[in-house]
Every structure is written in structure tokens, then in C-alpha cells.
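Peer 1: Mind folding the following:
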Amino acid sequence: MGAFKMAKEEQVGFHKGSLATLIKERQEMTRIITIVDQLIQMHIKALKDLGIDIEKEVKETEALIKKTHEPKREDEDLADKLF
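Peer 2: As a prediction, this is how the structure comes out:
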């Protein structure tokens, strides 16, 4: 067969090692997300304490994003490519 053929035991070891690494990476990512969420909550609280209406700000930002990032219809994309 090929030079890269691995014995079954090597393949099992490779996959187990990969899983162990990925699980550790996921745990670290979860830890980072928790920290980021805490920081977000801290900033939201600070803005509310300063009298900023967070819900209003979010709605305005979402409306702006929707307005500036509306997807083109597929036929418009095709027309742009043809002409």
C-alpha cells in the first residue's frame, strides 16, 4: 500500500490525542467567552448608570446594520456580472 499507511493502534492514538487537544481548546474558548460576557455586562451596567438607554441604542444599531447590509437579490447579482 502507501508509505502513509498507519497501524490501527497509531490511528487510534492519533484520534485520541486530537480529541484531547480539541477538548482542551474548547474549555479554554469557553473560559474566554465567559470573561468577554462579564466585560460586556460591566460596560452595559456602566452605560445604564450614565443614563444611556441601551435598548434604544441596540435597536438603532440593528436598523443601521440592516439598512447598510441588505443582501442583493440573486438576479441583481447575476445582472451585475453580465453587464
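Peer 1: In three-state terms, label the spatially most central residue of the chain for me.
Peer 2: Centroid-nearest residue in the chain: residue 33, 10.5 Å away (criterion: C-alpha atoms, centre = their mean). Following DSSP: H, G, I helix; E, B strand; the rest coil, the label given to residue 33 is helix.
Peer 1: got a list of what it touches?
Peer 2: Residue 33 makes contact with no residue, according to C-beta atoms under 8 Å, 6 or more residues apart in numbering. No exception for glycine: its C-beta is placed from N, CA and C like everyone else's.
Peer 1: where does it land on pLDDT?
Peer 2: For residue 33, the pLDDT comes out at 97.
Peer 1: State the distance from it to residue 24.
Peer 2: Between residue 33 and residue 24 the computed distance is 15 Å (C-beta to C-beta, to the nearest Å).
Peer 1: Please apply the same query to residue 34.
Peer 2: 16 Å.
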